[in-house]
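Undergrad: when you get a sec, could you give me coordinates for this:
(2 chains)
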Amino acid sequence: MQYSMKPTLNGYAAVKATLFGIALAAVSSTATAMMPSGDLVIEAGRIITQAGDDITDGVIVIRDGRIEAVGPAGEVEKPWGMNVVGGPEFTAYPGFVEAHTSGALDRANESVDVAPFLNIRDSIDPVSFFFENVRRNGITTLGVHQGNNCVIGARGMVVRPMGRTVEELMIRGEFGLKLSAAPKSGKSRATQAQALRTAFDDLRTYLNETVGDKRHEGDKAGREALYQGRELDEEESKGRAMGGTAWKVDGLEVIPRGELDVKQRPLLQLVEGRMAAFIYCGAPMDVHLALEVARDNGFLHRTTLVLDNSCWKAADIIAEAGVTVVLDSNMTHTELDPYTGKEIETDVPKVFADRGVRFALSSSNSSDQSLWYQAALATGLGLDRAAALDAVTIVPAEILGLGDRVGSLEVGFDGNVVLSNGDPLSTTTWIETVVLEGETVYNRSTDGRNKHLYEGQSKPAGSKSGSMGHSAAGNRR
Amino acid sequence: MIMNAALLVSAASFASAAEDDGTSWVVLADQVYTADGQVFEGGFVAVADGKITGVGMGGGSGGSELDVFAVTPGMIDLGARLVNDPDALEQSTETAITMRVAPALDLFDNAWDRELRSGVTTVLASAPDNNVIGGLSIAIKTGGAATLEARTLKADAALRGSFGTQPSQGNSGSSGVPQSFYVRRPTTRMGVEWEFRKAFYDTIAAARFKEREFEGSTVLQSVLDGDLPLSVQAWATQDIRTAIFLKEEFKIPNMFVDAAAEAWIEPELLVRSGIGVVLPPFSFAGRVGRERAFFAWNTAKMLSDLGVPFALSGHGALQATDRLAYQPALAMRGGLSLEAALEAVTITPARMIGIDDRVGSIEVGKDADLVLWSGPPFQPTSRVVGVMLDGHLILDPRETNE
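TA: As a prediction, this is how the structure comes out:
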């Protein structure tokens, strides 16, 4: 496998390298047991493309992991010799996309308050049951991020739920930095706000000092890079004027980017608009801080808010700011009326839909109540069916910067297709097959754990119910 | 009989909770599910003075009209958890046979409203399950005038018992062993069973020898006679077995296990013993409850196929989408038919505690307890948009539908 990414690559180069890596993976993986072929023809009685009207009796052709053709059976030529799955009894739709989860992580939080030098790749457990559950539930793309208990957390990544190593899982490394506007445990809201603002003040001070130091022929940054054992090549060895719109430090071009402190560089990428931000808000009041920090430092346009369900109260402000959001899996917010003592329940998805906010649903780290169920529940809670489906496909794909690759079934998109025995939002529907980049990665017929969930385990051979009973009835012959 | 005259409120004396406002309704629906075997496509339910006065195809007349997608009877939850206050646990005895849960009910608790607005109109309220025998449960409406008298359907609707780890938990004393006479017993599963069996043996003795009579022997005698249903909590298969073997040993005619997640493991025992089942809320992860019992998706379907009477329960879930209204959907995911799922939240639980003359189906003369749905009942994409209790519109579909 050719994943040549280094953690020191900057975000842009990392994306390029990763895309390259995937293209290679799709070809070279034919040699591995996991991905026997990226070519597949899928037939379905109904295809929900999420890109225009549904197709009746349709065909999807996937070549080298990408969709080569999708359309009615009469209009799409099935390439000779390709494997065919599905049939008229199946409904096909795009694999679901989870914009924000910490589910795959070995311990989701870090004790250090400001830790952007960490990379979530070091915490992802590729063989965890989480990924198996994710496949069972038809999720084919996930944004994995540090937990909410942080000030500034690790750099996240976008993964596919199949692979023996983190490299095989990886779709996009270093995607998104996790921040929290809600207090990290042990902090007050004021301390949290101050810590968050200070992190960016510190960045500015650091950059100014570093530039000043370089100009006065000291080389603090160079010594530090040397000390940390970082090698500078290509982009790393070049200086570049500071980008971004909010604030700038003049003369940054004199510092090779590779010499900058590992703690500060992800923050600089944020300020330059070269890194997405995922900011957790645990209460409506946190939204103001999140938007302030994002605005003051020029990354509002790359910000997604990860919201507690109480944050519907800040929906107007979120709509004004134009940011995307990820909703909590508990989509009904409950609070006590302080005067009457009665419970007030608010169905959150509709509040955001009515204000035109782009939102993704989430299963909040629990792969059990998965995205199809969240979308079904959201529909029951007053959301349009189309909006509910978008919120588990197209919108999270956009949030993960993959709007042109996943979330709908279109020519050129990844061949991520779910085949089920009925409508995706019906309670009686079961996902039968999941295709990931042209490879079948899940089959219900061979899913022993699902069988166990469905009908329990079979009794040990020879056991006889009641024979161990201690009552007269149990011993009746 | 064991009914205490002071607490036993006859049905007639309060059935008219709604009659004072004289409200009449005609509910028009694409689908009327009566839960007595009929479905009317394009039907109606007529309501007057808190009672159902008509049901059938087409439209009725003589009341304010409500137009919704579907109507089902108000739902009934035999496993509702409405008494969670630790103070409601009686610690003076582990077999609190004659105690009634009714005085522990706080009718102003939000839990009632939570149940009612999500479509549960009747519950069996029981004491917390920390005693082997917790006392007498009450069948009670979830709304109406905030008095026990106004809401009670059946004062002594069932006797509650509990197996498994809960009744023995916390009884071992601070050092981990029962170091004094004053520490509560039992401390083990076998101790729980022993307490249970002792109570019933004592009852049998009391029937023979007058001097052996004790407080509670008449209550237990009515259980043995089949006049009073016995409801016991048993999550895991070992506890379900205990319940079944005790039912058979003492020939208890009318008994059901609540929270019986592992009922699927030995279904033939359920059939043989004639015991009823109340299932706990489903879980996508399989394991549920304090015993981490494994609850297979197709349990409800299996019970239905075998003819075992069973009901579904929301167990007082806090989160809206975990409540009883969502349980039939999950049972259907395991293969249960819509018809059987409907019965499991309406007429079957009503029959299990003998209140089916008043509630559990849409029939002329029964209480006007109705749930109004935005779409096909029990699909997660549908929701409860209206609730009527004794003819009072608690949740108005004209407001929730927008």
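Undergrad: for the residue nearest the centre of chain B, give its distance to B:H315.
TA: Geometric centre of chain B, nearest residue: B:L78, 0.8 Å, by Cα atoms, centre = their mean. According to Cβ to Cβ, to the nearest Å, B:L78 stands 10 Å off from B:H315. (Glycine included, C-beta is placed from N, CA and C.)
Undergrad: any weak-confidence spans in chain A?
TA: By pLDDT under 70, the weakly predicted segments of chain A are A:1-37, A:364-368, A:457-477.
Undergrad: what's the answer for the stretch 101-250 of chain B, then?
TA: Short version for the stretch 101-250 of chain B, where the test is pLDDT under 70: B:172-183.
Undergrad: which parts of it are strands?
TA: B:120-125, B:133-141, B:152-162, B:230-233 (DSSP state E, counting those that start in this stretch).
Undergrad: please save the CA atoms from the longest one in CSV.
TA: Extracted in CSV, the C-alpha atoms of strand B:152-162 (Å, rounded to 0.1, in the frame of the first residue of the first chain):
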residue,chain,number,x,y,z
THR,B,152,-57.6,4.7,39.3
LEU,B,153,-58.7,2.0,37.0
LYS,B,154,-58.2,-0.9,39.4
ALA,B,155,-56.8,-0.3,42.8
ASP,B,156,-55.2,-3.7,43.5
ALA,B,157,-54.4,-4.8,39.9
ALA,B,158,-51.5,-7.0,40.6
LEU,B,159,-49.0,-8.1,43.3
ARG,B,160,-45.4,-7.2,42.4
GLY,B,161,-42.4,-9.4,43.0
SER,B,162,-38.8,-9.3,41.9
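Undergrad: tell me what that strand is packed against?
TA: The contact analysis (3 or more Cβ pairs under 8 Å, 6 or more residues apart in numbering or on different chains; DSSP states H and E) places strand B:152-162 against strand B:120-125, strand B:133-141, helix B:217-224, strand B:230-233.
Undergrad: let's go with 7 Å and repeat that
TA: Applying 3 or more Cβ pairs under 7 Å, 6 or more residues apart in numbering or on different chains; DSSP states H and E, we find strand B:152-162 packed against strand B:120-125, strand B:133-141, strand B:230-233.
Undergrad: most tightly surrounded among those?
TA: strand B:120-125 (a mean of 29; mean count of other Cβ atoms under 10 Å in any protein chain shown).
Undergrad: which one's the longest helix in the chain?
TA: Reading this off chain A. helix A:189-215 (DSSP state H).
Undergrad: please go with chain B instead
TA: Assigned via DSSP H, chain B shows its longest helix as helix B:189-208.
Undergrad: what's that one in contact with?
TA: With contacts defined as Cβ atoms under 7 Å, 6 or more residues apart in numbering or on different chains, helix B:189-208 is touched by B:94-95, B:97, B:132-133, B:161, B:163-164, B:167-168, B:185-186, B:212-214, B:217, B:220-221, B:224, B:242, B:246, B:250.
Undergrad: count residues in the vicinity of B:L318, would you?
TA: Neighbour count for B:L318, taken as other Cβ atoms under 10 Å in any protein chain shown: 12.
Undergrad: what about it, distance to chain A?
TA: Distance from B:L318 to chain A, counting by Cβ to the nearest Cβ, to the nearest Å: 8 Å.
Undergrad: so what pLDDT did that residue get?
TA: At B:L318, the model reports a pLDDT of 84.
Undergrad: and the longest strand anywhere in chain A, what does it pack against?
TA: Counting by DSSP state E, the longest strand found in chain A is strand A:84-94. Strand A:84-94 sits against strand A:40-47, strand A:417-420, with contacts defined as 3+ Cβ pairs under 7 Å, 6+ apart.
Undergrad: now those in TSV, with mean neighbour count?
TA: Below are the helices and strands packed on strand A:84-94 laid out as TSV (neighbours: other Cβ atoms under 10 Å in any protein chain shown):
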stretch	mean neighbour count
strand A:40-47	22
strand A:417-420	26
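Undergrad: show me the one of the ones you listed that comes nearest chain B.
TA: Across the helices and strands packed on strand A:84-94, chain B has its closest neighbour in strand A:417-420 (12.5 Å, Cβ to the nearest Cβ).
Undergrad: and the contacts of that closest one?
TA: A:42, A:44, A:60, A:85-86, A:90-95, A:138, A:409, A:429-435.
Undergrad: following that strand, which helix or strand comes up?
TA: strand A:431-436 (DSSP states H and E).
Undergrad: can you tell me if that following strand touches chain B.
TA: No. For a cut-off given as Cβ under 7 Å from any Cβ of the partner chain, strand A:431-436 has no contacts with chain B; the smallest distance is 11.9 Å.
Undergrad: would you mark the buried spots in that strand?
TA: A:431-436 (16 or more other Cβ atoms under 10 Å in any protein chain shown).
Undergrad: now the longest helix of chain A, how far from the centre of its chain.
TA: Averaging C-alpha positions (Cα atoms, centre = their mean, to the nearest Å) puts helix A:189-215 29 Å from its chain's average.
Undergrad: one more: stretch A:261-272?
TA: Using Cα atoms, centre = their mean, the offset of stretch A:261-272 from its chain centre is 21 Å.
Undergrad: from A:P266, how far off is A:E272?
TA: A:E272 is 11 Å from A:P266, by Cβ to Cβ.
Undergrad: what's the answer for A:N148, then?
TA: For A:N148 relative to A:P266 (Cβ to Cβ), the value is 18 Å.
Undergrad: is stretch B:266-273 up against chain A anywhere?
TA: Yes. Residues of stretch B:266-273 contacting chain A under Cβ under 7 Å from any Cβ: B:266, B:268-269.
Undergrad: most neighbours of all these, which one?
TA: Ranking these using other Cβ under 10 Å puts B:L269 first, with 23 neighbours.
Undergrad: wait, that residue sits on B:I244?
TA: Yes. Counting by Cβ atoms under 7 Å, B:L269 touches B:I244, with 5.1 Å between them.
Undergrad: ok, now which ones touch the residue in the stretch 51-200 of chain B that chain A sits nearest to?
TA: Nearest to chain A in the stretch 51-200 of chain B, going by Cβ to the nearest Cβ, is B:N110, at a distance of 4.8 Å. B:N110 makes contacts with A:342-343, as judged by Cβ under 7 Å, 6+ apart.
Undergrad: ranges for the strands of the stretch 101-250 of chain A?
TA: A:139-144, A:152-155, A:157-159, A:170-172, A:177-180.
Undergrad: now do the strands in the stretch 301-450 of chain A.
TA: A:303-307, A:324-326, A:332-336, A:343-347, A:359-360, A:417-420, A:431-436, A:439-443.
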